[in-house]
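Novice: Build me a model:
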Amino acid sequence: MRAIILAGGSGSRLYPLSKVSSKQLQAVYDKPMIYYPLTVLIAAGIREFCIITTPHDRPRFEALLGDGTQWGIAIEYRTQPKPEGIGQAFLIAEDFVAGEHVVLMLGDNIFFGGDAFPRAISEFRSGAAIFAYQVKHPQQYGVVEFDRDGKAISIEEKPQEPRSNFAVPGVYIYDDRVVDIAKTIRPSTRGELEITDINRAYLQLGDLHVRRLNRGFVWLDAGTSSTLQEASAYIETVERRQGVKLGCPEEAALVRGFLSLERFREVLAHIPACEYRDYLVEVAAEAERHRR
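Specialist: Numbers count the residues shown, from 1 in each chain. Prediction:
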């Protein structure tokens, strides 16, 4: 399984912050936004990544993330000259997908709680797998409708009159047909290649699997100034109360076995003195205790 993180777009909903840097490089509490989806995917066992961003922001992402070797992963980069829809990601990264199964995650979505993603990825065999999350204002999202037996029967993009309160979060899992399907999609009235149209194509093939996320799961869309602040406040609260960090790729890589404890300490030596480093020192000490 390979992973694409879509970190492009104009970031217009975050103006004027987006004049300074990419939306996905904004701080969510104490870490860049992109650390959160990256960490979730590493924790799910994925080691091959493609980051899609704008030509202007690509050097900044490369400076932040490098080639991923510090986390025991491999990161490639592609550019999206103009934001022409989520579905465009598969055309841009066609050579990266290269006939493999792929998960696409939006760089401004933050997830926390449970094992839904690792389980979905490990159990994935074919077709497409998406998720459904109950929200108060489904008009802002792609919306999935279920029949009485809980089977998905329709998907609509930002409908004025939603047929359910279940929104589709920004993470999608596909088999190797997704690139060919993306090539058949035509731009919507917004001029974009809609991910909903790709999902609908799999639904028509009878090969779309929808997993409902329970109430204990947290999904935050940090794409606006207000939701960015809300996400930061939430992350701060969780970290202070639980004493753990969310969105920490070093820790996820260590737990997954992508980094040995010795390599983890080498990475740690290159991080300057700060609260983030202090936390990783504690992680290393805990791992040492468990190894004895």
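Novice: can you pull out the helices in the stretch 151-292 of the chain?
Specialist: Along the stretch 151-292 of the chain, counting by DSSP state H, counting those that start in this stretch, helices occupy 178-184, 195-204, 225-242, 249-256, 261-268, 275-291.
Novice: Which elements pack onto the fourth one?
Specialist: Helix 249-256 is packed against helix 35-43, helix 261-268, helix 275-291, with contacts defined by 3 or more C-beta pairs under 8 Å, 6 or more residues apart in numbering; DSSP states H and E. (Each C-beta comes from the backbone N, C-alpha and C, glycine too.)
Novice: How about it, which residues are buried there?
Specialist: Neighbour counts using 16 or more other C-beta atoms under 10 Å place 249, 250, 251, 252, 253, 254, 256 of helix 249-256 among the buried residues.
Novice: quick one: that helix to helix 35-43, angle?
Specialist: 10 degrees (axes from the mean of the first three to the mean of the last three C-alpha atoms, to 10 degrees).
Novice: before we move on, what SS does the residue nearest the centre of the chain have?
Specialist: In the chain, the residue lying closest to the centroid (C-alpha atoms, centre = their mean) is residue 105, at 3.2 Å. Using DSSP: H, G, I helix; E, B strand; the rest coil, the structure places residue 105 in strand.
Novice: picking that back up, out of the helices of the stretch 151-292 of the chain, nearest to residue 40?
Specialist: Put simply, out of the helices of the stretch 151-292 of the chain the one that sits nearest residue 40 is helix 249-256, at 8.1 Å, with distance taken as C-beta to C-beta.
Novice: thinking again about what came up before, ok, so of the buried residues of helix 249-256, who is nearest residue 100?
Specialist: Among those, residue 256 lies closest to residue 100 (C-beta to C-beta), at 18.9 Å.
Novice: ok, the closest one touching residue 40?
Specialist: No. Counting by C-beta atoms under 8 Å, residue 256 stays clear of residue 40, with 11.7 Å between them.
Novice: Show me where the stretch 101-250 of the chain has its strands.
Specialist: 102-106, 109-112, 128-134, 142-146, 152-157, 166-167, 171-174, 208-212, 218-221 (DSSP state E, counting those that start in this stretch).
Novice: Need the residues that contact the third one.
Specialist: Outside strand 128-134, the residues within contact range by C-beta atoms under 8 Å, 6 or more residues apart in numbering are 116, 120, 144, 146, 152, 165-169, 171-175, 178, 198-199, 202, 207-213, 215, 217, 219.
Novice: Give the buried subset of those residues as a ChimeraX selection command.
Specialist: What follows is the ChimeraX syntax selecting those of these that are buried according to 16+ other C-beta under 10 Å:
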select :116,120,144,146,152,166,167,168,169,171,172,173,174,175,178,198,199,202,208,209,210,213,217,219
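Novice: need the buried residues of helix 249-256 in JSON lines with pLDDT and distance to residue 290, can you?
Specialist: As requested, those are arranged in JSON lines below (pLDDT from 0 to 100; distance: C-beta to C-beta, whole Å):
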{"residue": "249", "pLDDT": "98", "distance to residue 290": "20"}
{"residue": "250", "pLDDT": "98", "distance to residue 290": "16"}
{"residue": "251", "pLDDT": "98", "distance to residue 290": "13"}
{"residue": "252", "pLDDT": "97", "distance to residue 290": "16"}
{"residue": "253", "pLDDT": "98", "distance to residue 290": "16"}
{"residue": "254", "pLDDT": "98", "distance to residue 290": "11"}
{"residue": "256", "pLDDT": "96", "distance to residue 290": "15"}
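Novice: what two of those are the furthest from one another?
Specialist: 250 and 256 (11.0 Å).
Novice: per-domain residue ranges of this structure.
Specialist: Residue ranges for the domains of the chain, per automatic domain parsing: 2-258, 260-292.
Novice: Pull the contacting residues for residue 48.
Specialist: When the contact criterion is C-beta under 8 Å, 6+ apart, the partners of residue 48 are 2, 3, 73, 74.
Novice: Please list only the buried members of those residues.
Specialist: Buried residues within the contacts of residue 48, counting neighbours by 16+ other C-beta under 10 Å: 2, 3, 73.
Novice: That concludes my questions; thank you for your assistance.
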